[in-house]
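**Student:** take this sequence and fold it.
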Amino acid sequence: MSLSTRLRARSTSARILAGTLALSGVLLVTACGGSTEADTGGGTADYGTLDLNLSWIKNAEFAGEYFADASGYYKEAGFSDVNLIAGGPGGTSTETMVLSGGALVGTSSPMGVAPVIAEEDAPLKIIGTTYQKNPFVIISLDGNRITTPAELAGQRIGVQAGVNETLFDALLEVNGIDPGSVEKVPVQYDPQPLVNGDVDGFFGYLTNEVLTLEQAGHATAVLPFADNGLPFIAESFVTTDEAIETRREELKAFLRATLRGWQDAVADPEESARLAVEVYGSDLNLDMAKEIRQAEEQNTKLVVSAETDANGLFTVSDELIQENLSILKLAGYDLGEEDVFDMSLLAEVYEENPELK
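**Tutor:** Model (predicted):
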């Protein structure tokens with residue numbers, strides 16, 4: 001099955017929802033509540049509850065959002081309450097949540113939003129990104145290290161169904177690896193099959209499963225997607241065209257508060273981990289040492305870059321936008337910048353609040 005076909009098989013519920021909305025001519029983007037009163041920056045706005053859909057469980061991956069909530073930045077920006085909606089296995093996709101009005105903003109990636117934009121004309125836009133690089137890797141252990149795409153041939157690779165399988169197919173295609181030369185083994189998100197020797201490589205996160213294995217005493221090697229033909233961004237903020245038009249000040253208030261939160265998170269990985277372990281993910285039995293490592297790794301390898309040093313967090317350079325569009329085109333989605341990105345809100349936030357840089 002081609003990469004284009006694999007991508008068209010992902011996020012079925014989101015595509016069905018988008019198609020239904022298009023046919024009926026109704027887009028339920030106002031269901032989040034909140035007023036459209038302009039936020040002057042002096043705390044006079046009253047937007048009601050901020051519904052924010054996260055792409056994963058409440059671990060340190062969303063430290064900036066935790067800081068923004070715990071430190072009162074969202075309240076100062078005009079939100080009376082904050083509803084952080086956890087994602088993860090079995091969760092509802094950001095595309096579905098945002099299109100249905102279940103969330104004003106969600107975190108996803110260009111690879112996540114492209115199918116519903118291209119196939120169903122879904123009115124979604126990326127307005128900023130936390131991760132300048134995606135964290136996807138193929139993990140292997142000492143004794144059979146896989147660090148280049150060519151070394152995937154002849155290996156058994158554990159890959160989760162859905163988007164992860166799509167991304168793995170993209171890795172093979174962009175590097176000219178014959179899919180028939182690699183055995184894909186269905187797995188869940190626990191890397192134990194790699195430890196057991198059931199697979200030679202495991203699809204995971206640089207800031208998650210790699211750290212879990214290292215905490216357990218295993219020496220790991222990684223094949224990063226971002227450095228091998230797939231330099232797409234991740235943990236990108238996604239909203240609707242209608243929200244951009246009718247709730248622009250509210251979205252800017254969200255960006256402003258979340259920027260402040262991520263500045264704190266970058267400066268304090270230990271508190272990032274504590275908020276995840278003891279507060280927001282307190283029911284998940286998270287490991288403090290692992291969460292500290294995750295916060296440190298994502299700060300230095302994914303969130304902060306030369307681009308963000310120059311222009312501020314969440315920015316996406318023109319060059320990086322074009323790289324992401326090229327990857328989408330490879331996958332069969334010939335989309336323009338204006339189809340996927342709207343960086344004007346973030347530009348206004350920085351123009352109006354230069355101290356945030």
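**Student:** stretch 241-248: which residues count as buried?
**Tutor:** Buried residues in stretch 241-248, counted by 16 or more other CB atoms under 10 Å: 243-244, 247-248. C-beta here means a position set from N, CA and C on the backbone, and glycine is covered the same way.
**Student:** what's the longest helix in the chain?
**Tutor:** Using DSSP state H, we find that the single longest helix of the chain is helix 248-267.
**Student:** picking up where we left off before, turn the buried residues of stretch 241-248 into TSV, including pLDDT.
**Tutor:** TSV is the format used below for these (pLDDT from 0 to 100):
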residue	pLDDT
Ala243	98
Ile244	98
Arg247	98
Arg248	98
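**Student:** adding distance to Gly180, write those residues out as JSON lines.
**Tutor:** Formatted as JSON lines, these follow (distance: CB to CB, whole Å):
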{"residue": "Ala243", "distance to Gly180": "44"}
{"residue": "Ile244", "distance to Gly180": "44"}
{"residue": "Arg247", "distance to Gly180": "49"}
{"residue": "Arg248", "distance to Gly180": "50"}
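**Student:** with just CA atoms, put the longest helix of the chain into PDB.
**Tutor:** The C-alpha trace of helix 248-267 is given here as PDB (Å, rounded to 0.1, in the frame of the first residue of the first chain):
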ATOM      1  CA  ARG A 248      -8.900  36.200  17.000                       C
ATOM      2  CA  GLU A 249      -8.200  38.000  20.200                       C
ATOM      3  CA  GLU A 250      -9.100  34.900  22.200                       C
ATOM      4  CA  LEU A 251      -6.600  32.800  20.200                       C
ATOM      5  CA  LYS A 252      -3.900  35.500  20.700                       C
ATOM      6  CA  ALA A 253      -4.600  35.500  24.400                       C
ATOM      7  CA  PHE A 254      -4.100  31.700  24.300                       C
ATOM      8  CA  LEU A 255      -0.800  32.000  22.500                       C
ATOM      9  CA  ARG A 256       0.400  34.800  24.700                       C
ATOM     10  CA  ALA A 257      -0.300  32.900  27.900                       C
ATOM     11  CA  THR A 258       1.000  29.600  26.600                       C
ATOM     12  CA  LEU A 259       4.200  31.300  25.400                       C
ATOM     13  CA  ARG A 260       4.700  32.600  29.000                       C
ATOM     14  CA  GLY A 261       4.200  29.000  30.200                       C
ATOM     15  CA  TRP A 262       6.700  27.500  27.900                       C
ATOM     16  CA  GLN A 263       9.300  30.100  28.800                       C
ATOM     17  CA  ASP A 264       8.900  29.000  32.400                       C
ATOM     18  CA  ALA A 265       9.000  25.300  31.300                       C
ATOM     19  CA  VAL A 266      12.200  25.700  29.400                       C
ATOM     20  CA  ALA A 267      13.800  27.500  32.300                       C
END
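**Student:** who are the packing partners of it?
**Tutor:** When contacts are defined as 3 or more CB pairs under 8 Å, 6 or more residues apart in numbering; DSSP states H and E, helix 248-267 packs onto helix 63-70, helix 73-77, strand 79-85, strand 124-131, strand 234-240, helix 241-246, helix 344-352.
**Student:** between those, which gets nearest to Gly158?
**Tutor:** Among these, strand 234-240 comes nearest to Gly158, with 20.4 Å by CB to CB.
**Student:** contact partners of that closest one?
**Tutor:** 27, 29, 55, 61, 94-95, 98-99, 104-110, 112-113, 123-131, 133-136, 251, 255, 258, 302, 314 (CB atoms under 8 Å, 6 or more residues apart in numbering).
**Student:** find the nearest non-adjacent residue to Tyr66, please.
**Tutor:** The spatially closest residue to Tyr66, leaving aside those adjacent along the chain, is Leu275, at 4.1 Å (CB to CB, 6 or more residues apart in numbering).
**Student:** count of residues packed around that neighbour?
**Tutor:** The tally of other residues near Leu275 (other CB atoms under 10 Å) stands at 27.
**Student:** also Gly154?
**Tutor:** By other CB under 10 Å, 9 other residues sit near Gly154.
**Student:** find the nearest non-adjacent residue to it, please.
**Tutor:** Gly154's closest residue in space is Ser181 (CB to CB, 6+ apart), at 6.4 Å.
**Student:** now do that neighbour, the pLDDT please.
**Tutor:** Here the pLDDT value assigned to Ser181 is 98.
**Student:** would you agree it is in contact with Ala153?
**Tutor:** Yes. Using CB atoms under 8 Å, Ser181 makes contact with Ala153 at a distance of 4.2 Å.
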